[in-house]
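**Student:** Next come a sequence and a model predicted from it.
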Amino acid sequence: MRPKEEFNFFQDQRVRSAFYQILTAGLVGWMVWYLITNTAHNLEVRGMNTGFSFINASAGFDTDFKLIEYKPGIGTYGDIFIIGALNTLLISFLSIIASTVLGFIIGVLRLSSNWLVSKVALAYVEIFRNIPLLIQIVFWYIGVFSLLPVVKKSLDLSFGAERVILNNRGLYFATPIPGDLFWMTLVTLAAAVIGAIIYRRRAHKRQDATGEQTNTLLPSLAAIIFLPLIVFFATGMPLEWDIPTLQGFNFAGGTSVPPAFLALLVALSIYHAAHIAESVRAGILSVNRGQNDAAMAIGLKPGKVMGLVIIPQAMPAIVPPLISNWMNTVKNSSLAIAIGYSDIVSLFMQTALNQAGYAVEMVGMTMAFYMFISLTISFFLNIYNKRVQLVER
């Protein structure tokens, strides 16, 4: 029989582990308490306002770009926070989509057998990755979009239809105004998308079971495009357009996007695309060369080899740095303050703070916003990362 182990309170590993955890939690709690009480005391001594009552106070300034209804003097600082948050989320979302698509394309082109193509992709990565983002933002704003033609000489990007106008005051485009029956077209579009997804999944299951490949792209595109169009025309085309028209010194009507938004979107997209491209290239190179040779040996074309064999196996190496790139895109959008785009930093933590004076609360709310968005991105991409880690190499 094994001798019975004696319990020693001071030497037991579980006791030590619990003791150190309690000690750490106590120290962290004490530090938080000290910072809060010390900050509150200093604010009280200086006679500075504290609390969150300012959220419901009326804000007396307006902004040139907003996604919700707001009127100065009637809207509150809480509305200003929401406007800034939505503006930040919009520019971040569009930049993430554009940089990811462009980054994957550039990363694949970096490995092209064509010398010129690979060198151009290399030059893109080395140039845009090594120039500070702030300088790129200022360059696109001052050196490109501010030098566009004036309003009366605007560029018509819709080839004479006057639906998309670009000048040094921004981008103007027609706004759709749906009619009563337009919801039927949207429902048909949603049903077509869901049907295409189901059709694609069944085709993949059939391929896994029998090895038979089915072309799902053309049927899916046909369903997504033509079915909603049929319903749209059958319901009498219930859609009108609010077209921007030149009135006086500027365009009126439609939807307008300021030059600061365009400059920030381009700068964030091309800068982070350069970083994503290197992650994609490294991920592809991490896949064993034999996988490519085996796929070519069974008759797959180079495009199919990359899309069906190489990229899926490279995703475990691509996703972790992709998480950091997406979070950095959101955080780097705060550089918009340099060109006056109305993001949450410029609108809430600068203009609103200068008027209301609740510095600690406003800075804290802005920090909490960025932390929440970053943790959300990390949470969902980590779930996806666990799924792609199951892919065998």
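**Tutor:** Now that the structure is in, tell me what you want to look at. Residues are numbered from 1 along each chain as shown.
**Student:** ok, E278 - contacts?
**Tutor:** Residues in contact with E278 (C-beta atoms under 8 Å, 6 or more residues apart in numbering) are G107, R110, V125, R129. The C-beta positions use only the backbone N, C-alpha and C, and glycine is treated the same way.
**Student:** now, which of those residues lie within helices?
**Tutor:** Among these, the members found in helices (DSSP state H) are G107, V125, R129.
**Student:** Would you mind measuring from F65 to S95?
**Tutor:** 16 Å (C-beta to C-beta, to the nearest Å).
**Student:** between these two, who's got more neighbours?
**Tutor:** Between F65 and S95, counting by other C-beta atoms under 10 Å, S95 is the more crowded of the two (25 against 20).
**Student:** Tell me who's in contact with the more buried one.
**Tutor:** S95 touches L264, L265, L268, S269, H272, T329, S333, counting by C-beta under 8 Å, 6+ apart.
**Student:** let's go with 10 Å and repeat that
**Tutor:** Neighbour list for S95: 264-273, 326, 329-330, 332-333 [criterion: C-beta atoms under 10 Å, 6 or more residues apart in numbering].
**Student:** Report the buried members of the residues you listed.
**Tutor:** By neighbour count, with 16 or more other C-beta atoms under 10 Å, the contacts of S95 hold 264-273, 326, 329-330, 332-333 as buried.
**Student:** Can you name the two of these that sit furthest apart?
**Tutor:** V266 and W326 (17.7 Å; C-beta to C-beta).
**Student:** quick one: I105 is in a helix?
**Tutor:** Yes: counting by DSSP: H, G, I helix; E, B strand; the rest coil, I105 falls inside a helix.
**Student:** that older thread, can you pick the most crowded of the ones in helices among the contacts of E278?
**Tutor:** G107 (25 neighbours).
**Student:** Need the three-state assignment for the residue nearest to that residue when sequence neighbours are not counted.
**Tutor:** Computed as C-beta to C-beta, 6 or more residues apart in numbering, the closest residue to G107 that is not its neighbour in sequence is V280, at 2.7 Å. Classification of V280 by three-state DSSP places it in helix.
**Student:** neighbours around V280, how many?
**Tutor:** Look at V280: counted by other C-beta under 10 Å, it has 28 neighbours.
**Student:** all strands of the stretch 51-200 of the chain, in order?
**Tutor:** Here the stretch 51-200 of the chain has its strands, by DSSP state E, counting those that start in this stretch, at 155-156, 164-167, 170-173, 175-178.
**Student:** Switch those over to CSV; also include distance to M371 and mean pLDDT.
**Tutor:** Output for those, formatted as CSV (distance: least, C-beta to C-beta, whole Å; pLDDT from 0 to 100):
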stretch, distance to M371, mean pLDDT
strand 155-156, 41, 85
strand 164-167, 36, 88
strand 170-173, 31, 87
strand 175-178, 34, 87
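**Student:** Buried deepest among the ones you listed, which one?
**Tutor:** Of all the strands of the stretch 51-200 of the chain, strand 170-173 has the most neighbours on average by mean count of other C-beta atoms under 10 Å, namely a mean of 22.
**Student:** Quick one: list the elements packing against that one.
**Tutor:** The contact analysis (3 or more C-beta pairs under 10 Å, 6 or more residues apart in numbering; DSSP states H and E) places strand 170-173 against strand 164-167, strand 250-252, strand 255-257, helix 259-285.
**Student:** re the thing from before, return the member of the buried ones among the contacts of S95 nearest to Q13.
**Tutor:** Among the buried ones among the contacts of S95, and counting by C-beta to C-beta, the member closest to Q13 is W326, at 39.8 Å.
**Student:** Which parts of this protein are helices?
**Tutor:** So, for the chain - with DSSP H - the helices run 13-45, 77-109, 115-129, 133-138, 182-210, 217-234, 259-285, 289-297, 302-304, 311-332, 344, 353-356, 359-388.
**Student:** Which of those helices sits closest to I55?
**Tutor:** Nearest of the helices of the chain (C-beta to C-beta): helix 77-109, 4.2 Å.
**Student:** roughly how far apart are the residue nearest in space to the middle of the chain and I142?
**Tutor:** Nearest to the geometric centre of the chain sits F93, at 2.7 Å (C-alpha atoms, centre = their mean). To I142, F93 is 25 Å away according to C-beta to C-beta.
**Student:** Next: G254.
**Tutor:** In this view, G254 and I142 are 26 Å apart by C-beta to C-beta.
**Student:** Over to G303?
**Tutor:** From G303 across to I142, the span is 41 Å (C-beta to C-beta).
**Student:** what's the answer for Q355, then?
**Tutor:** 28 Å.
**Student:** Check V363 too.
**Tutor:** From V363 to I142 the distance is 29 Å (C-beta to C-beta).
**Student:** just checking, W326 touches H272?
**Tutor:** Yes: between W326 and H272 there is a contact under C-beta atoms under 10 Å: 8.3 Å.
**Student:** Tell me the residues that contact both of the two, please.
**Tutor:** What both W326 and H272 touch, as defined by C-beta under 10 Å, 6+ apart, is the set S95, I96, S99, T100.
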